[in-house]
Every structure is written in structure tokens, then in C-alpha cells.
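[1] Got a predicted model here, sequence first, then my questions.
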Amino acid sequence: MNKRNSGLNEQMRLFRVFGSSLTIALMFAGCGAPERAKPVAIHPRGPRLTGEFDQIGTVRGYPGESCASQVVFLFQSGSKSTPIAAPFHVSKILSEAAHNHKTVHVVGKWRRGKTADCTYIEATQAELIQKSFW
């Protein structure tokens, strides 16, 4: 009977060691922070011309990360969307237009970002368009 009890005790000891090891392993695995999905940079594609830009459309805030750090607006004209960077005085006008869903006339120059597929407009002028009844 002693042999039987010692065999049973040995099994219980092994079970405890295994259970403790498993518990410790699960605790360490649970301590790590889950990896969050990184925001994807949006790279607008399509034919981009070089030179001057002069169009009327609407603007909104740029969603996500842009391919150039100074881009903060997205200009919408028809079905095309174009990223826009602007100095402070022009940015105030674009912000007002985006906030109030107003149409805006934007004049600027095409610029290239750090990557080859990154083009955007550097706005030099912007004015709100007043809708007319006539």
C-alpha cells in the first residue's frame, strides 16, 4: 500500500508542477499588450499634372495619415479627391469651408512628397464661393 500511495503522490506532484507551469506560462502570455492595427497612409493615385492648380470644389479634413506631413485637407472636385497643404492664413479659410460645408476656390501649385507616388497641392490662395440666386 505504501508503494501505491507513493506512486499516487508522485502523480499528484507531477500534476501540480505541470499545472503551476501552465498557469505561469498563461500569466506571462496574458501580460503582453495586444498589437493594434496601424493606420494606413492613404496615397491618392491617378493622373497628376505638374504646374498650377486652379479649381472650385469642396474641402474636408484629411482622413488618416497623408504621404506628406503638411497635408491636412482633401479637396473634392467632381469624383476626384486631391490632398491639399496650406499655410496658416489659407488654412483658416479651408477650415471654415470644411466645417460649414461651403464651396471654395483654391489656387496653388502641384508638389511632390517624399515618395514617388505622393503628389499634393500647395494652396497659395483660397476663397469661399457665395452661392447666387441668379
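    Noted; the coordinates are in hand.
[2] Just the pLDDT at residue 64, thanks.
    On pLDDT, residue 64 comes in at 73.
[3] so how many other residues sit close to it?
    A total of 8 residues lie near residue 64 under the criterion other CB atoms under 10 Å. Bear in mind the C-beta positions are built from the backbone N, C-alpha and C, glycine included.
[4] what are the phi and psi values for it?
    Summarising the backbone geometry of residue 64 under the convention degrees, to the nearest 10, its torsions are phi 80, psi -160.
[5] how far away is it from residue 79?
    Distance, residue 64 to residue 79, by CB to CB, to the nearest Å: 20 Å.
[6] Residue 105 too?
    Residue 105 sits at a distance of 19 Å from residue 79 (criterion: CB to CB).
[7] cool, residue 67 as well?
    Taken as CB to CB, the span from residue 67 to residue 79 is 20 Å.
[8] Those two: which is more packed in?
    When neighbours are counted by other CB under 10 Å, residue 67 comes out ahead of the other of residue 67 and residue 79, with 18 against 5.
[9] thought the more buried one was touching residue 111?
    No - using CB atoms under 8 Å as the test, residue 67 is too far from residue 111 to be in contact (10.9 Å).
[10] Quickly list what's touching both of these two.
    The overlap between the contact sets of residue 67 and residue 111 (CB atoms under 8 Å, 6 or more residues apart in numbering) consists of residue 120.
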